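any chance you can model this:
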Amino acid sequence: MLAASSSSVLAALAAGLGLCLSLIIAPGAQNVFLLRMGVQRRHAVALAITCLVSDAVLFTAGVAGFGVVVEHLPWLFELVRWAGVVFLAVYGLSAAWRALRPKHASIRIEEDAPDAPSPTADDAADAPSGSGGTATLTRPARTTRTGTGTLLPAILSCLAITWLNPHAYLDTVFLVGSVSASYGALRWAFGLGAILGSAIWFSFLTVAARFAARRLRSPRAWRILDGLIAVAMLALAAGLAFS
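Coordinates of the predicted model:
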């Protein structure tokens, strides 16, 4: 009896994990934002945790049946939809502007000695390229600001992209919530599996972004990346506006 119960819990957990991964891997606004910030190495871990906590709250609301409440407030869904359209459009236009009018500066990343002190600007200018396992990574000048002062705006942008996207509610609150209801008493195991899926995906995206950063060593590469981000964000904004 205990073995059967354990297998049922694991089955519900695996089902929630699989459903979450099938939904979250799609190239959405949240993934695009995290990828860009991760490539820039701007608070990637903090932003991934922010996305995970947001997903956990939404999944929990869905499993708890909050979707039924939202269905009776259609005006709230419309408000969120148009706020998301505006935010995604502004973000997309900003990325397009960066692609058309880039501002670049070089920074250095120590590959062989991560604990060594960061080189000064003069050291970076004088050091020969390719020596001592040091790679030169070129990125927009604005991305070199990695102080704590940029953390709050980054988190607020991340929250806006997550919570002003109606598709996030459709996927998490409504879809996951409705599927979890079919598991009865095991619906919380299903929800836990969905949260675990988010944790796996955001961890993978954060690590993948660090490796992708090593490929972006020229202004042209950054312009291409910003161009792709602009297209993705504007397409998502248009999709929300006309959905």
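
in the protein, which spans are strands?
104-110, 134-140 (DSSP state E).

tell me which helix or strand in the chain has the weakest average pLDDT.
Here the helix or strand of the chain ranked lowest by mean pLDDT, DSSP states H and E is strand 104-110, holding a mean of 39.

quick one: low-confidence residue ranges for the protein.
1-4, 26-27, 67-71, 73, 76-77, 80, 102-149, 216-218, 243 (pLDDT under 70).

helices of that one, residue ranges please.
Remark: helices assigned in the chain by DSSP state H are 2-24, 29-39, 44-63, 66-71, 74-100, 121-126, 151-163, 166-169, 177-181, 187-213, 219-241.

rebuild these as a markdown table, extending it with mean neighbour count.
In this view, the C-beta of every residue, glycine as well, is placed from N, C-alpha and C. Shown next, in a markdown table, are these (neighbours: other Cβ atoms under 10 Å):
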| stretch | mean neighbour count |
| --- | --- |
| helix 2-24 | 16 |
| helix 29-39 | 22 |
| helix 44-63 | 20 |
| helix 66-71 | 15 |
| helix 74-100 | 16 |
| helix 121-126 | 11 |
| helix 151-163 | 16 |
| helix 166-169 | 20 |
| helix 177-181 | 20 |
| helix 187-213 | 20 |
| helix 219-241 | 18 |
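
not counting residues beside it along the chain, what's closest to Arg41?
Distance criterion Cβ to Cβ, 6 or more residues apart in numbering; nearest residue to Arg41, sequence neighbours excluded, is Ala213 at 6.4 Å.

in this structure the one you found contacts Val39, no?
Yes. Applying Cβ atoms under 8 Å, one finds Ala213 in contact with Val39, separated by 4.7 Å.

measure Gln30 to Ala48 for me?
10 Å (Cβ to Cβ, to the nearest Å).

next: Tyr91.
18 Å.

try Leu19
20 Å.

same check on Ser54?
Distance from Ser54 to Ala48, by Cβ to Cβ: 11 Å.

do Ala241 as well
Ala241 is 28 Å from Ala48, by Cβ to Cβ.

Val176 now?
20 Å.

ok, Ala232 next?
Taking Cβ to Cβ, one finds Ala232 at 19 Å from Ala48.

and if you look at Ala168?
16 Å.

Val45: what's it in contact with?
Thr206 (Cβ atoms under 8 Å, 6 or more residues apart in numbering).

swap the cut-off to 10 Å and go again
38, 202-203, 206 (Cβ atoms under 10 Å, 6 or more residues apart in numbering).

dump those to TSV, plus distance to Tyr183.
Putting the contacts of Val45 into TSV (distance: Cβ to Cβ, whole Å) gives the following:
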residue	distance to Tyr183
Gly38	34
Phe202	24
Ser203	25
Thr206	30
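
out of these, the closest to Pro219 would be?
Gly38 (19.3 Å; Cβ to Cβ).
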